[in-house]
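[1] Structure for this input, please:
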Amino acid sequence: MSFSLSGGVEVVGFISPTDPLDTYPVIDPLYGIDGLRNVNTLTDLNNIPDLRRRAGMLVGVNNGSQFYKLNASPWNGTITDWALVNLGGADTYVTGTTFNLNQAILTRNDGFDVLKLSGGSNVTLSNPSTNQIKIDVSIPPDTNTFVTGFTYDNSNNLTINRNDGVDFSVNIDTMSGLTINGDLLVTGTTNISGLTVNGPLSACTGIYTSNIYGCSPITIHDHLLPVTDGDLDLGSPIRRFRDVNTISGTSTVWTSTNRVTTPEVDLGLDSLNNNRIITADNSIIQNDTLNGGGY
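    I've put the predicted structure just below:
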């Protein structure tokens with residue numbers, strides 16, 4: 001006989017029992033290398049020694065309910081050494097969740113942990129009811145910041161206050177492209193230049209301006225009253241209104257330094273209850289001589 005493999009034991013025939021009726025096994029795959037074998041638990045699977053491992057070998061777990069194939073080395077003795085193989089056996093499913101030391105573990109029916117959730121210093125896990133994982137997060141006071149209020153000093157300075165004592169200040173002295181969709185209410189004395197308002201402008205205490213432009217005919221809804229009657233002009237001697245509609249009153253005095261042009265002057269009723277109207281046809285012209293007759 002010649003041995004072609006150094007260190008090996010040459011077998012010239014097959015291994016068999018001493019009697020065909022013998023019930024003892026001839027070999028035990030657990031003690032061999034490679035091939036197909038079965039173990040009871042995943043712990044037994046991970047504990048198979050490296051000398052009895054060969055990449056690609058199949059191992060059944062829990063009476064063959066699940067089969068795992070050994071991945072290529074290197075191995076670390078954990079379930080990551082193996083890949084689950086579907087041989088048409090029983091389906092896998094999550095059987096439950098266990099909580100321990102702020103950690104939630106979802107376990108499968110084959111004993112494999114499919115999901116692990118761990119809490120931390122600011123995260124707490126709990127299981128208030130079946131099929132529910134509650135995650136509570138607490139924000140440390142030094143990182144939980146929010147606005148507590150703001151102040152305005154009436155000098156264009158706005159200050160926003162935060163709960164941690166940090167304030168943010170801004171000076172608002174110039175605005176461009178400002179659009180006001182509602183009413184603009186001005187209280188006190190406010191200087192505004194270049195303002196275009198499409199809606200009502202409310203300033204009941206006073207408006208200071210040098211120019212008024214009308215987008216359409218200006219409608220006045222109240223009286224225009226001078227501070228002192230007779231001392232303030234509406235317009236200038238050379239820039240009067242073309243048409244003036246007014247209500248007559250005994251205190252109204254019209255004074256013109258140039259000329260008053262009108263088609264007629266209605267003097268009202270005379271002592272004989274006659275309406276007296278002066279027109280270009282029945283007026284007394286300058287340097288005309290008064291003669292007897294009816295006027």
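
[2] C-alpha only now, for contacts and for neighbours.
    OK.

[3] Name whatever forms a beta bridge with residue 69.
    Using DSSP bridges, the bridge partners assigned to residue 69 are residue 58, residue 83.

[4] In the stretch 151-295 of the chain, where is pLDDT below threshold?
    Judged by pLDDT under 70, the stretch 151-295 of the chain has its weakly predicted residues at 184, 186-199, 201, 203, 229-231, 234-255, 283-295.

[5] Do you have the strands of it handy? List them.
    Secondary structure of the stretch 151-295 of the chain (DSSP state E, counting those that start in this stretch): strands located at 157-162, 167-171, 184-185, 201-202, 264-269, 275-279.

[6] what does the stretch 1-150 of the chain give?
    Along the stretch 1-150 of the chain, the stretches classed as strands by DSSP E, counting those that start in this stretch are 36-39, 58-61, 66-70, 82-85, 94-99, 103-108, 113-118, 123-126, 134-137, 147-152.

[7] still on that earlier bit, include distance to residue 14 and mean neighbour count when you put the strands of the stretch 151-295 of the chain into a markdown table, please.
    Putting those into a markdown table (distance: least, C-alpha to C-alpha, whole Å; neighbours: other C-alpha atoms under 10 Å) gives the following:
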| stretch | distance to residue 14 | mean neighbour count |
| --- | --- | --- |
| strand 157-162 | 87 | 15 |
| strand 167-171 | 90 | 12 |
| strand 184-185 | 105 | 12 |
| strand 201-202 | 110 | 13 |
| strand 264-269 | 146 | 11 |
| strand 275-279 | 150 | 12 |
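
[8] mind putting the ones you listed in JSON lines, distance to residue 34 included?
    Converted to JSON lines, the strands of the stretch 151-295 of the chain look like this (distance: least, C-alpha to C-alpha, whole Å):
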{"stretch": "strand 157-162", "distance to residue 34": "68"}
{"stretch": "strand 167-171", "distance to residue 34": "71"}
{"stretch": "strand 184-185", "distance to residue 34": "87"}
{"stretch": "strand 201-202", "distance to residue 34": "92"}
{"stretch": "strand 264-269", "distance to residue 34": "129"}
{"stretch": "strand 275-279", "distance to residue 34": "133"}
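
[9] Minimum distance to residue 258: which of the ones you listed has it?
    Between residue 258 and the strands of the stretch 151-295 of the chain, the shortest separation by C-alpha to C-alpha is 17.5 Å, and it involves strand 264-269.

[10] So what are the sheet partners of the closest one and their directions?
    In the sheet, strand 264-269 lines up against strand 275-279 (antiparallel) (DSSP bridges).

[11] which residues are contacting the strand it pairs with?
    Strand 275-279 has contacts (C-alpha atoms under 8 Å, 6 or more residues apart in numbering) with 263-270.

[12] before we move on, what about stretch 146-154?
    158-163.

[13] Buried residues, it. List them.
    Buried residues in stretch 146-154, counting neighbours by 16 or more other C-alpha atoms under 10 Å, are absent.

[14] How far away from the center of its chain is it?
    The chain centroid and the centroid of stretch 146-154 are separated by 22 Å, computed with C-alpha atoms, centre = their mean, to the nearest Å.

[15] again with stretch 42-59
    On the basis of C-alpha atoms, centre = their mean, the separation between the geometric centre of stretch 42-59 and that of its chain is 54 Å.

[16] Tell me the buried residues in it?
    For stretch 42-59, the buried set under the neighbour-count rule, 16+ other C-alpha under 10 Å, comprises 42, 45-46, 53-54, 56-59.

[17] Specify which member of those residues is nearest to residue 209.
    residue 42 (89.4 Å).

[18] I'd say that closest one and residue 59 touch.
    No. In this structure, residue 42 sits apart from residue 59 without contact. The criterion is C-alpha atoms under 8 Å, and the distance is 10.1 Å.

[19] list the contacts for the closest residue to residue 150 other than its chain neighbours?
    What sits nearest to residue 150 in space, not counting adjacent residues and going by C-alpha to C-alpha, 6 or more residues apart in numbering, is residue 160, at 4.3 Å. Taking C-alpha under 8 Å, 6+ apart as the contact definition, residue 160 lies against 147-151, 167-169.

[20] Would you point out the most distant pair within these?
    Using C-alpha to C-alpha, the pair of the contacts of residue 160 lying farthest apart is 148 and 169, separated by 14.0 Å.

[21] ok, so of the buried residues of stretch 42-59, who is nearest residue 122?
    Closest approach to residue 122 among the buried residues of stretch 42-59 (C-alpha to C-alpha): residue 42, at 33.6 Å.

[22] Any figure for the gap between residue 122 and residue 12?
    Noted for residue 122: a distance of 69 Å to residue 12, by C-alpha to C-alpha, to the nearest Å.

[23] who has more neighbours, those two?
    The residue with more neighbours, out of residue 122 and residue 12, is residue 122; 10 against 7, by other C-alpha atoms under 10 Å.
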